[in-house]
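Enquirer: Coordinates only, no sequence provided:
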């Protein structure tokens, strides 16, 4: 199937022939649907904290041991293509939807308006105004969201990446240092570095902290081969194999490289203004405090189990009621030990108000357990789609991760994935149809074998910017 040149190309990607053949086999077989049992709810699988409990867990996090290290992981490599899709259609195809009217009627309310005035001479030329936003002018159509101006303040506007500096200072500082890690695309890393080099000192002075900022890029060894509609390898016009980035699930490799006791994970576009940030800070700390408590209890249960003196029923009660794993009737000590020896993630879940995204579900596993998973609609079989309607909550990507084992070593996160939960989609290249494959999503299959706890968090902690008009919402004004 592969030529000598193909083998060199595969090796240059850091892949093996066996890995590529497995990818092709995935195309042929497809990925099985998740064995979804039911939607998680406040009555079954979603923890609802009182205001007092949230404050107590936040205090637990604030009073953590000095040995607990903290980092904030922000996927920031995606281009803002969807954010400005309607603007491109207006400029390139003369398609004018309601979104364009909303944009132009409220143009002065956008935080980037002062910048726009510097590059637009005539605001009566509507197409010129829109073009200046996405093309020559601000050039937002070719930038990642992190470099788009989101919010206006009296002392100057902030881009999305700057709001993560602020958040990091408010809940992610340890010994006066805020560790932030951004995954970026190669072509934009220089722009991120230049912006942060210019503006970081301002936030260090404002919050009395120092920033330790690092970057990484999606590894080529996580790319997946593209195939033709008949599942044979797709070749470019020059005869080369075509490899494609494998979606955000590929970032598990980058997350695995982060060495910290607690890792906060949050998307680049889910930020709000200073005036509305209090709930976000409180609940980030509360989720982390709950994680620390559960981690300590897990280690204690594991030690008792390994000593041979544990009450199996008591351990099982902890696993079911605290770690949210429903056990089979015939569980044994070996199964309990396996379940206790896994990374932990505490995930904020917001009330479902019609936003797109995955949701919290109970899923049946091959070992007889049922565990909590974040599932996308594409992972659920048609006959189980009615369960999506039962979901009271959905996933805002608000994770706090504990990646250390009881013996002080760091888990290899690659050992806790479900490789059978990838995605296959139809794409094109050079005008020709192809099929593409994504790795298990970072908070879906890539974390399938973690212990997962879902916590109800206020909708005020969720303020994503999916399209540019979202910047007109109160969370961004």
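Expert: Noted; the coordinates are in hand. Keep in mind the model is a prediction, meaning the values are calculated, not measured.
Enquirer: Longest helix in the protein, please.
Expert: The longest helix of the chain (DSSP state H) is helix 278-307.
Enquirer: How is this structure partitioned into domains?
Expert: The record's domain parsing of the chain by automatic domain parsing lists 4-80+176-476, 82-142.
Enquirer: Could I get the average pLDDT for the helix or strand where residue 167 lies?
Expert: Per DSSP states H and E, residue 167 falls inside helix 160-171. Mean pLDDT, helix 160-171: 97.
Enquirer: Run the angle between that helix and helix 278-307 for me.
Expert: 60 degrees (axes from the mean of the first three to the mean of the last three C-alpha atoms, to 10 degrees).
Enquirer: In helix 160-171, which residues are buried?
Expert: Using 16 or more other C-beta atoms under 10 Å as the test for burial, helix 160-171 gives 160, 161, 162, 163, 164, 165, 166, 167, 168, 169, 170, 171. C-beta coordinates here come from the backbone N, C-alpha and C atoms, glycine included.
Enquirer: nearest to residue 229, of those?
Expert: The closest of those to residue 229 turns out to be residue 160 (C-beta to C-beta; 37.8 Å).
Enquirer: Looks like the closest one contacts residue 140 (just checking).
Expert: No. Between residue 160 and residue 140 there is no contact under C-beta atoms under 8 Å: 11.4 Å.
Enquirer: intersection of neighbour lists for those two?
Expert: residue 148 (C-beta atoms under 8 Å, 6 or more residues apart in numbering).
Enquirer: how about the strands of the stretch 301-450 of the chain, start to end?
Expert: 325-326, 344-351, 359-364, 370-375, 393-394, 398-402, 423-429, 432-438 (DSSP state E, counting those that start in this stretch).
Enquirer: what about the last one, distance to the chain center?
Expert: Looking back up the chat, that one is strand 432-438. Centroid displacement of strand 432-438 relative to its chain, using C-alpha atoms, centre = their mean, to the nearest Å, is 23 Å.
Enquirer: between the helix or strand following it and strand 398-402, how big is the angle?
Expert: Per DSSP H and E, the first helix or strand lying C-terminal to strand 432-438 is strand 451-456. Strand 451-456 and strand 398-402 meet at an angle of 150 degrees, taking the same axes, to 10 degrees as the criterion.
Enquirer: which residues sit against strand 451-456?
Expert: 40, 42, 45-49, 283, 286-287, 290-291, 294, 298, 323-325, 339, 342-351, 360, 371-374, 393.
Enquirer: any idea of the mean pLDDT for that strand?
Expert: 97.
Enquirer: the inter-axis angle of that strand versus strand 370-375?
Expert: Using the same axes, to 10 degrees: strand 451-456 against strand 370-375 is 60 degrees.
Enquirer: picking up where we left off before, columns mean neighbour count on top of the strands of the stretch 301-450 of the chain, output as TSV?
Expert: Shown next, in TSV, are the strands of the stretch 301-450 of the chain (neighbours: other C-beta atoms under 10 Å):
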stretch	mean neighbour count
strand 325-326	20
strand 344-351	23
strand 359-364	22
strand 370-375	25
strand 393-394	22
strand 398-402	25
strand 423-429	13
strand 432-438	18
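Enquirer: of those, which approaches residue 230 most closely?
Expert: Using C-beta to C-beta, the strands of the stretch 301-450 of the chain put strand 432-438 closest to residue 230, at 9.4 Å.
Enquirer: How about residues contacting that closest one?
Expert: Applying C-beta under 8 Å, 6+ apart, the contact partners of strand 432-438 are 23, 26-27, 224-229, 231, 234, 242, 244, 246-247, 249, 422-428.
Enquirer: ok, of the strands of the stretch 301-450 of the chain, where does mean pLDDT dip lowest?
Expert: Confidence, taken as mean pLDDT, is least for strand 423-429 of the strands of the stretch 301-450 of the chain (a mean of 85).
Enquirer: circling back to that earlier point, save the domains of the chain as CSV, and put in distance to residue 154 too.
Expert: CSV is the format used below for these (distance: least, C-beta to C-beta, whole Å):
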stretch, distance to residue 154
domain 4-80+176-476, 11
domain 82-142, 12
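Enquirer: Determine which of those domains approaches residue 155 most closely.
Expert: Closest among these, using C-beta to C-beta: domain 4-80+176-476, at 8.7 Å.
Enquirer: Does residue 37 belong to a helix, a strand or coil?
Expert: What DSSP: H, G, I helix; E, B strand; the rest coil gives for residue 37 is strand.
Enquirer: whoops, residue 15 was the one
Expert: Following three-state DSSP, we place residue 15 in the coil state.
Enquirer: Would you confirm that residue 269 contacts residue 147?
Expert: No. With contacts counted by C-beta under 8 Å, residue 269 stays clear of residue 147, the gap being 11.6 Å.
Enquirer: Mutual contacts of these two, please.
Expert: Contacts common to residue 269 and residue 147, judged by C-beta under 8 Å, 6+ apart, are residue 160.
Enquirer: mind listing what residue 164 touches?
Expert: Contacts of residue 164 by C-beta under 8 Å, 6+ apart are 72, 74, 146, 180, 182, 266, 268, 271.
Enquirer: Going by distance to residue 117, which of those residues wins?
Expert: residue 146 (22.9 Å).
Enquirer: Run through the stretch 251-400 of the chain and note the low-pLDDT ranges.
Expert: 354-357 (pLDDT under 70).
Enquirer: about what we covered before: narrow the contacts of residue 164 to those that are buried.
Expert: 72, 74, 146, 180, 182, 266, 268, 271.
Enquirer: ranges for the helices of this structure?
Expert: 4-12, 17-29, 51-62, 85-93, 98-105, 113-117, 126-134, 160-171, 189-207, 252-256, 278-307, 312-321, 333-340.
Enquirer: any idea which of those is most buried?
Expert: helix 160-171 (a mean of 23; mean count of other C-beta atoms under 10 Å).
Enquirer: Helix 51-62 and that one, what's the angle between them?
Expert: Using the same axes, to 10 degrees: helix 160-171 against helix 51-62 is 90 degrees.
Enquirer: Please state the offset of helix 160-171 from the chain centre?
Expert: Computed by C-alpha atoms, centre = their mean, the chain-centroid distance of helix 160-171 equals 16 Å.
Enquirer: swap in stretch 245-264?
Expert: 9 Å.
Enquirer: Then stretch 400-410?
Expert: Counting by C-alpha atoms, centre = their mean, stretch 400-410 is centred 20 Å from the centre of its parent chain.
Enquirer: Check stretch 24-43 too.
Expert: With C-alpha atoms, centre = their mean, you get 19 Å for stretch 24-43.
Enquirer: Between the two ends of it, how far is it?
Expert: 42 Å (C-alpha to C-alpha, to the nearest Å).
Enquirer: May I see the buried residues of that stretch?
Expert: 24, 26, 27, 31, 33, 34, 35, 36, 39, 40, 41.
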